[in-house]
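K.L.:
Using only what follows, build the 3D model:
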Amino acid sequence: MNISKTKSKLTTISLVLLLTLSAVLVAIPAVSAQSTSKLYPFIDAIPNPSGVNQPVLLNTGALNFLMSAEEGWNVSIQITAPNGDVSVLGPFKTFSTGTWGEYIIPDQVGTYRVKTIIEDQEYMGVTYLAAESEEIELVINEDPVAEYPGQTTPEEYWYRPIDTQLREWWSVAGSWQTKPDNVYAPFNAAPTTSHILWQMPIGDTQAGLVGGELWAHGMDDGDAYEGKLSGSIILNGIFYYNQQPGFFSGGSKVQTVVAVDIHTGNVLWEKEFPYGDGRLDYGQIMHWDSINNRGSHSYLYFTSGGYGPQTWYAVDAYTGEPKFNMTNVPSGTIYRGTNGELFIYSVVNYGNTTNPNWRLLRWSSFQTVTGAASSASFMGMSWAPSVANAQFDAAARGYDMNVSISGLSAGETLAGSVAKVFVDDKVIGAQVTQTDVTLWALDLTANNEGELLYNTVWNTPAEWVEGNLTISSIGQAGWCAWSQADQVGVFFTKENIVHYAFDLTTGEFMYETEPQIFIDAWSDTVSATFGPDRIIVNGKLISASVGGIVYCYDVQTGDRLWTYEADDPFGESYIGNNWWIIPLFATDNMVYFGSLEHSALDPKPRGAPFF
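P.N.:
Numbering: from 1, shown residues only. Got it, this is the predicted structure:
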């Protein structure tokens, strides 16, 4: 922002402000044959009076509106401080309504004089003559003006929906749109009691002890391949789950999705969805901000198409009513943007080994709906009308990034595939063999997209070959934890039960941990995408697995800080002297653990812990 004749210490903060006047937007200004016309500038200050060093919003512009959303007037703001210093802010381009907003932070006590200045400018063949608004007085007092007092976070029972005036409650109102990285669920108040709030049957079987002729046997619990609650999510205080187990393939029953008020246990609805296998895949809460409409929307997604191009069906999360679908969505891991956008990244060589043409691509759910900004329709500025009963071709209009990868030397290649993405930070690629670990990263920061950050090779210990160590399988070895906050990636090898950490800012090897209890080699939930039973939280690598011991390591050094044993004093478990455990979720500086089984014995072991 340019400030001419700068003598005062005014600080300005840009604000995208629109005084939305729908009647104005659809009206067309009358243009006569005259060659000149008059402008009607205005200025206002909010709040007025205000306190020193408090933000003040200056509403500026002209009452003359323009025809197209991309058009605007060039306006400036002249400010005379109490000591006589004069500053000019701008010029700024207004919205088509003729309005603009700019924050200032006055640093002098006294009366400021503020006015809008507009120079001559052409519009639709007419010269609009220079004009100035009236000069207003902005009174700045020594004492600050009162701000809205806000509200403390709840300390007793509460429920949804939360009144939007209770802004401070955002910190305890998180959702579970899909299984998060490191099962870390921020924006929640960690529970500190073991009280059961409500219970309800799930699936298509009874539960509990059978008794009678079948003695102490229990009803089927679904483990290990018939899980009853896989894919469950929580959006805005509503718990959604698939009624039938994961293996379900139709027959006399239908797959349904159930929506439950998480505070009360009341079933809000249960519905069948004719999309793919009928199972809920994941959820989304997204925020839309345009010149016409601002607000958040929540969706349930169902998919079909397997590992090829998919079709995604979006359903309103509150009502269960269908909204829109996207065809030809590329396969890949889904990542989420700051406004809830769904992203899928890919790195592709469109050339060959001799003449490579490496490109970094990103598919975006927002881009698929809106298309290129330059060709967005008027109603495209409003989300709900744009998506109502619509179908979008994700391949044709869904990519918002397609950049050349720079920094590769002649003959240099990107081995392996994308292993992890930190949105707006970096793409991390990897290839792991028994002899070496290749790590590379591409920049995702603004204006640097696609630049190669590093491409390193670490020679593995001789043990990897000599012991024929397992480095990849279904959940038994591989990349087990990633942390953007700590910039660390952790790899686990099965037979020697060791973690290997890598610095994601450089790609260099950091350390290996001490071996864990031998029983941990039996885990099949090691993988970060399949389990996980390793997580990174608050700078700590937490490992909890078949051996029933929680290991806590300093994620930067690999030092073992402490351990905790979930012992089985009555010998109920056949696996070992401890209960098989796994981290279930982490929030509010706490991690919660539960017991895990693969194929439980029957009668069921008794006394498994939750802590």
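
K.L.:
Can you pull out the low-pLDDT segments for the stretch 151-300 of the chain?
P.N.:
Within the stretch 151-300 of the chain, the ranges that satisfy pLDDT under 70 run 204-205, 246-253.

K.L.:
Now do the helices in it.
P.N.:
With DSSP state H, counting those that start in this stretch, there are no helices along the stretch 151-300 of the chain.

K.L.:
quick one, helices of the stretch 451-600 of the chain?
P.N.:
Along the stretch 451-600 of the chain, the stretches classed as helices by DSSP H, counting those that start in this stretch are 463-466.

K.L.:
how about the strands in it?
P.N.:
Taking DSSP state E, counting those that start in this stretch, the strands of the stretch 451-600 of the chain run over residues 452-459, 478-483, 488-493, 498-503, 509-512, 534-537, 540-544, 549-554, 560-565, 581-587, 590-595.

K.L.:
One more: the stretch 301-450 of the chain?
P.N.:
The residue ranges that make up the strands of the stretch 301-450 of the chain, judged by DSSP E, counting those that start in this stretch, are 310-316, 322-329, 335-336, 342-349, 358-364, 390-393, 399-404, 417-422, 426-432, 436-443.

K.L.:
just checking, residue 159 touches residue 237?
P.N.:
Yes: the pair formed by residue 159 and residue 237 meets the contact definition of CB atoms under 8 Å, at 7.2 Å. C-beta: built from backbone N, CA, C; applies to glycine.

K.L.:
Overlap of the contact sets of these two?
P.N.:
Listed as contacting both residue 159 and residue 237 by CB atoms under 8 Å, 6 or more residues apart in numbering are 261, 263.

K.L.:
These two: who's more crowded?
P.N.:
More neighbours surround residue 237 than the other of residue 159 and residue 237, with 17 against 11 (other CB atoms under 10 Å).

K.L.:
Can you give me the neighbour number for the spatially closest residue to that one that is not a sequence neighbour?
P.N.:
Of all residues not flanking residue 237 in the chain, residue 160 sits nearest, at 3.4 Å (CB to CB, 6 or more residues apart in numbering). In terms of burial, residue 160 registers 11 neighbours under the definition other CB under 10 Å.

K.L.:
next one: the one 5 residues further on
P.N.:
Taking other CB under 10 Å as the neighbour definition, residue 165 ends up with a count of 10.

K.L.:
got the contact list for it?
P.N.:
With contacts defined as CB under 8 Å, 6+ apart, residue 165 is in contact with residue 151.

K.L.:
hmm, try it at 10 Å
P.N.:
Under the criterion of CB atoms under 10 Å, 6 or more residues apart in numbering, the contact partners of residue 165 comprise 148, 150-151.

K.L.:
Low-confidence regions, the stretch 451-600 of the chain specifically.
P.N.:
Along the stretch 451-600 of the chain, no part satisfies pLDDT under 70.

K.L.:
Against residue 108, how distant is residue 491?
P.N.:
Using CB to CB, to the nearest Å, residue 491 is found at 59 Å from residue 108.

K.L.:
again with residue 420
P.N.:
When distance is defined by CB to CB, residue 420 is 51 Å away from residue 108.

K.L.:
what domains does the record give for the protein?
P.N.:
As given by automatic domain parsing, the domain ranges for the chain are 3-141, 281-404, 410-459, 475-611.

K.L.:
got CSV for the strands of the stretch 301-450 of the chain, with distance to residue 454, mean neighbour count and mean pLDDT too?
P.N.:
Putting those into CSV (distance: least, CB to CB, whole Å; neighbours: other CB atoms under 10 Å; pLDDT from 0 to 100) gives the following:
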stretch, distance to residue 454, mean neighbour count, mean pLDDT
strand 310-316, 33, 20, 97
strand 322-329, 31, 20, 97
strand 335-336, 21, 17, 98
strand 342-349, 15, 18, 97
strand 358-364, 15, 20, 97
strand 390-393, 36, 15, 94
strand 399-404, 18, 16, 96
strand 417-422, 14, 19, 97
strand 426-432, 10, 22, 98
strand 436-443, 6, 22, 98
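
K.L.:
And those: which comes nearest residue 384?
P.N.:
Taking CB to CB as the criterion, strand 322-329 is the member of those that comes nearest to residue 384, at 8.6 Å.

K.L.:
Compute the inter-axis angle for that closest one and strand 310-316.
P.N.:
Taking axes from the mean of the first three to the mean of the last three CA atoms, to 10 degrees, one finds strand 322-329 and strand 310-316 inclined to each other by 160 degrees.

K.L.:
Taking strand 358-364 as reference, get the angle to strand 322-329.
P.N.:
For strand 322-329 against strand 358-364, the angle by the same axes, to 10 degrees is 170 degrees.

K.L.:
CA-only coordinates of strand 322-329 in CSV, if you can.
P.N.:
Included here for strand 322-329 are C-alpha records, laid out as CSV according to Å, rounded to 0.1, in the frame of the first residue of the first chain:
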residue,chain,number,x,y,z
PRO,A,322,-28.4,-34.7,-2.7
LYS,A,323,-26.7,-31.4,-3.9
PHE,A,324,-24.3,-32.0,-6.7
ASN,A,325,-21.7,-34.4,-8.2
MET,A,326,-18.3,-34.3,-9.8
THR,A,327,-17.3,-36.7,-12.5
ASN,A,328,-13.7,-37.8,-13.5
VAL,A,329,-12.2,-36.9,-10.2
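
K.L.:
who does that strand pair up with?
P.N.:
Partners of strand 322-329 in the sheet, by DSSP bridges, are strand 310-316 (antiparallel), strand 390-393 (parallel).

K.L.:
which non-adjacent residue is nearest residue 48?
P.N.:
By the measure of CB to CB, 6+ apart, the closest residue to residue 48 outside its immediate chain neighbours is residue 138, 5.5 Å from it.

K.L.:
no wait, residue 398
P.N.:
With CB to CB, 6+ apart as the criterion, residue 398 has its nearest non-adjacent residue at 3.8 Å, and that residue is residue 368.

K.L.:
repeat for residue 555
P.N.:
With sequence-adjacent residues excluded and distances taken as CB to CB, 6+ apart, residue 555 is closest to residue 541, at 4.5 Å.
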